[in-house]
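**Q** what follows is a predicted protein model with its sequence.
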Amino acid sequence: MLKKLLSRSRTALAAAALSATMIGGAAAADIAVATDTAFVPFEFSKDGEYVGFDIDMIDELTKRIGITYELKPMDFNGIIPALQTGNIDMAIAGMTIKAEREKAIDFSHPYYNTSVLMMVRSETDDINAPEDMKGKIVAVKTGTTSVDIAKKFGAGEIKQFPNIDGAYLEVRSGNADVTLYDAPNILYYIKTAGGDAMKAVGPEMEAQTYGMAFPAGSELREKFNIALLEIIEDGTYAKIYKKWFGKDPS
């Protein structure tokens, strides 16, 4: 997807940049950027500061555009309403681009490709495929793609939590059978906190892409699209990606 976007002509980029310059008055002011700071390794608190892949991305993109921003941590489920009411100017929060969401807000070009993965206790041996969720207790984060997947595969009970940490704890404590969430976060949890107690199972599901979110019709969207293409083209994106995921982007 990203390679296709880069195939756009430099002429088109130049025209878009000119258009962005013409509306520069609106973008020159500081902006409020929402994020859900409990989504490692994309955004999380460490030593009193917010860090992560998304934080490095918004730092670099706003610098390219020439604006400053204020980070507005909030519950993931409140981000779209905040965009709709104008309480924030944009969001970068590992938000999946979905047709349903695009009815209410605008998305940037995709900036990350991902999928959903299941996680169970290490001793669990009867959940190895999505179909094995049928009749089981599934813990998920409210408002995410995982809710739809759990319904699709016939979960017996779906326990929803405002933060994914709550869903993980529910499985680890034995009060739920399985959780599912974005693969990078699942794998990071197993590596850093899950230890020998948790394991990932089954195939990666529901290939999806993340996008930055904007109020419908926002003039900022095109500015960030141009800046995103620039950092992909000059290698800055790859450096940020490798810093957080330990490999080059595909």
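**A** Thanks, I have the structure now.
**Q** list the contacts for the residue nearest to the spatial centre of the chain?
**A** Taking C-alpha atoms, centre = their mean, the centroid of the chain lies closest to residue 94, which sits 0.9 Å from it. Taking C-beta atoms under 8 Å, 6 or more residues apart in numbering, we find residue 94 in contact with 36, 39, 42, 43, 54, 112, 114, 182, 185, 210. (Glycine included, C-beta is placed from N, CA and C.)
**Q** among those, which are located in strands?
**A** With DSSP state E as the criterion, strands contain 39, 43, 112, 114, 182, 210 from among the contacts of residue 94.
**Q** between those residues, which is nearest residue 133?
**A** Using C-beta to C-beta, residue 182 comes nearest to residue 133 of the ones in strands among the contacts of residue 94, at 16.8 Å.
**Q** I'd say the closest one and residue 119 touch.
**A** No - contact criterion C-beta atoms under 8 Å: residue 182 and residue 119 do not qualify, at 11.2 Å.
**Q** which of the ones in strands among the contacts of residue 94 has the most neighbours?
**A** The member of these surrounded by the most neighbours (other C-beta atoms under 10 Å) is residue 182, with 26 neighbours in all.
**Q** show me the shaky parts of the chain.
**A** Residues of the chain meeting the criterion pLDDT under 70: 1-29.
**Q** can you map out the strands along it?
**A** Listed in chain order, the strands of the chain (DSSP E) span 31-35, 38-39, 43-46, 49-51, 69-73, 90-91, 105-121, 137-141, 157-161, 178-182, 198-215.
**Q** reformat these as JSON lines; add distance to residue 238.
**A** Converted to JSON lines, the strands of the chain look like this (distance: least, C-beta to C-beta, whole Å):
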{"stretch": "strand 31-35", "distance to residue 238": "22"}
{"stretch": "strand 38-39", "distance to residue 238": "21"}
{"stretch": "strand 43-46", "distance to residue 238": "20"}
{"stretch": "strand 49-51", "distance to residue 238": "19"}
{"stretch": "strand 69-73", "distance to residue 238": "23"}
{"stretch": "strand 90-91", "distance to residue 238": "23"}
{"stretch": "strand 105-121", "distance to residue 238": "12"}
{"stretch": "strand 137-141", "distance to residue 238": "29"}
{"stretch": "strand 157-161", "distance to residue 238": "34"}
{"stretch": "strand 178-182", "distance to residue 238": "20"}
{"stretch": "strand 198-215", "distance to residue 238": "16"}
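**Q** can you tell which of those is closest to residue 236?
**A** Of all the strands of the chain, it is strand 105-121 that lies closest to residue 236, at 12.2 Å by C-beta to C-beta.
**Q** and the gap between the residue nearest to the centre of the chain and residue 122?
**A** Distance, residue 94 to residue 122, by C-beta to C-beta, to the nearest Å: 26 Å.
**Q** for residue 185, same thing?
**A** Per C-beta to C-beta, residue 185 is found 18 Å from residue 122.
**Q** the more surrounded of those two?
**A** Using other C-beta under 10 Å as the criterion, residue 185 and residue 122 rank with residue 185 on top: 23 against 12.
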